[in-house]
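Chemist: Here's my sequence, what's the structure:
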Amino acid sequence: MARPRKELSNVPLTPAMVNWAEALGDAIGRGMLRALNTGMPSLGGNGASHNTMTAGRRRGRPPKMLAGGNTVSADRRCTVDGCTREQRSKGLCSAHYQAERRKQLSGGKSA
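Modeler: This is a model prediction of the structure:
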């Protein structure tokens with residue numbers, strides 16, 4: 001069972017308390033606006049503020065860096081004609097494997 005709430009309307013507010021509450025609300029609002037505009041400061045060591053979203057980081061698997069063009073050997077290439085990507089599963093690259101999987105899941109119908 002919830003506790004009964006106190007009636008705050010019976011509490012007299014002095015003008016000093018009203019001024020203090022308004023000043024506090026303004027300060028909180030300014031702080032929130034500054035945080036939204038400039039980003040939250042990091043809580044770490046040297047005081048450098050950096051945001052992980054603006055640092056250029058991407059989520060997921062990092063792309064493979066192929067030095068001199070396509071360096072995938074012929075026995076590791078996708079078995080689909082004209083595809084030069086590396087095979088991942090069942091002789092197919094990721095894109096062709098997923099396409100085949102979607103095709104089988106839909107009952108063999110083409111997309």
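
Chemist: Quick one: mean pLDDT over stretch 11-28.
Modeler: Looking at stretch 11-28 alone, the average pLDDT works out to 88.

Chemist: Now that stretch: buried residues?
Modeler: By neighbour count on 16 or more other Cβ atoms under 10 Å, the buried set for stretch 11-28 is empty. From N, CA and C alone the C-beta is placed, and that goes for glycine too.

Chemist: Using CSV, list the CA coordinates for it.
Modeler: As requested, the backbone C-alpha atoms of stretch 11-28 are provided in CSV (Å, rounded to 0.1, in the frame of the first residue of the first chain):
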residue,chain,number,x,y,z
VAL,A,11,3.7,24.8,3.3
PRO,A,12,4.4,28.6,3.2
LEU,A,13,7.2,29.5,0.6
THR,A,14,9.2,32.5,1.4
PRO,A,15,10.3,34.8,-1.4
ALA,A,16,13.9,33.8,-0.7
MET,A,17,13.0,30.1,-1.3
VAL,A,18,11.2,31.0,-4.5
ASN,A,19,14.2,33.0,-5.8
TRP,A,20,16.5,30.1,-4.9
ALA,A,21,14.4,27.5,-6.6
GLU,A,22,14.2,29.7,-9.8
ALA,A,23,17.9,30.3,-9.8
LEU,A,24,18.5,26.5,-9.3
GLY,A,25,16.2,25.7,-12.2
ASP,A,26,17.9,28.2,-14.5
ALA,A,27,21.4,26.8,-13.6
ILE,A,28,20.3,23.3,-14.3
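
Chemist: Torsion angles phi and psi at T14?
Modeler: Listed backbone geometry of T14 is phi -80, psi 160, with angles given as degrees, to the nearest 10.

Chemist: typed the wrong thing, it's A95
Modeler: Dihedral angles phi and psi of A95 (degrees, to the nearest 10) take the values phi -60, psi -50.

Chemist: residue contacts, it?
Modeler: Neighbour list for A95: R85 [criterion: Cβ atoms under 8 Å, 6 or more residues apart in numbering].
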